[in-house]
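[1] Just need the structure, nothing else, for what follows:
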Amino acid sequence: MAKDTPPRWDRRMQQRLARGEAAALGELYDRFAPLVHSLAHRVLDDSAAADRVTREVFSHVWDNPGAYEPKQGSMRSWVANITREMAVERFRRTEAEAYEANGEGTAEEAEELEQKIRRASAAARADYIVRSMPTPLWAALELAYFRRRNYRQAAADLGVSEDEARRRLRLGLQLLSTANIQAADGFPPPGNGRSL
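    Residues are numbered from 1 along each chain as shown. Here you go, the predicted model:
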């Protein structure tokens, strides 16, 4: 398959949505609703608001199936990007309304709001990346970040060579770096700060 050719399921789904097949929307919802709700909840930290964003995302997809550009990536990525954009926009509106209601609104507070929005967006992006990451990479990262194993310990726990453990950790971290995540955003350094 050519690199710019989307997977067959994505192409068929886009065609079915464009024809107005309600069953296609149901299938898409069944496949992606958990992802959409999780990403929205990660940004908004509110289940009811995440429910609203989930409905808005699938409504947008239903109304705009032609907006999906297969050459830009998978339908899963497209739906995740729509979710992140809608959730961040809702977060921005909600926070701005709260600042206005409290009579706040200085330049410093506006910058604080933008930082909160950037952190929420990066967290949602990280969640998506982790959920999409191949299991071997995620398993290595989990050992390093959450169980505080160095690469030698991770290799032993995974039953792979030390070189393979380092490779998995490096690839996993490279994927996560695309979300612009920094340790200051709540992600602890791997292996208790020890070098990988």
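[2] Return the set of buried residues in the helix or strand of the chain with the lowest mean pLDDT.
    None of the helices or strands of the chain scores lower by mean pLDDT, DSSP states H and E than helix 107-132, at a mean of 77. For helix 107-132, burial by neighbour count (16 or more other C-beta atoms under 10 Å) applies to 113, 117, 119-130. All C-beta atoms are positioned from the backbone trio N, CA, C, and that covers glycine.
[3] and that helix, what does it pack onto?
    On a contact count with 3 or more C-beta pairs under 8 Å, 6 or more residues apart in numbering; DSSP states H and E, helix 107-132 meets helix 22-44, helix 75-101, helix 162-177.
[4] send the alpha carbons of stretch 158-165 over as CSV?
    What follows is stretch 158-165, C-alpha atoms only, in CSV (Å, rounded to 0.1, in the frame of the first residue of the first chain):
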residue,chain,number,x,y,z
LEU,A,158,10.4,-7.7,29.7
GLY,A,159,12.6,-10.6,28.9
VAL,A,160,14.5,-8.7,26.2
SER,A,161,18.1,-7.6,25.7
GLU,A,162,19.3,-4.4,27.3
ASP,A,163,19.7,-2.9,23.8
GLU,A,164,16.1,-3.8,23.0
ALA,A,165,14.9,-2.2,26.2
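[5] how far is that stretch from where the chain is centred?
    Distance, stretch centre to chain centre, for stretch 158-165: 27 Å (C-alpha atoms, centre = their mean, to the nearest Å).
[6] likewise stretch 128-146?
    Stretch 128-146 has its C-alpha centroid displaced from the chain centroid by 13 Å (C-alpha atoms, centre = their mean).
[7] Could you list the domains of the protein?
    In terms of domains, the chain is parsed into 7-132, 134-196 (source: automatic domain parsing).
[8] Pick out the shakiest of those domains, pLDDT-wise.
    When those are ranked by mean pLDDT, domain 134-196 comes last with a mean of 75.
[9] Quick check: Ser74 touching Asp10?
    Yes: if you go by C-beta atoms under 8 Å, Ser74 and Asp10 touch, sitting 5.8 Å apart.
[10] So for these two, which sits in the more crowded spot?
    Counted by other C-beta atoms under 10 Å, Ser74 and Asp10 do not tie: Asp10 has more neighbours, with 18 against 15.
[11] Give me the neighbour count for the closest residue to the more buried one other than its chain neighbours.
    With sequence-adjacent residues excluded and distances taken as C-beta to C-beta, 6 or more residues apart in numbering, Asp10 is closest to Met75, at 4.2 Å. Burial measure for Met75: 22 neighbouring residues, criterion other C-beta under 10 Å.
[12] Show the contacting residues for Met75.
    Residues near Met75 by C-beta atoms under 8 Å, 6 or more residues apart in numbering: 6, 9-10, 13-14, 28, 68.
[13] mind redoing it with 10 Å?
    Going by C-beta atoms under 10 Å, 6 or more residues apart in numbering, Met75 touches 6-7, 9-11, 13-14, 17, 28, 31-32, 61, 65, 68.
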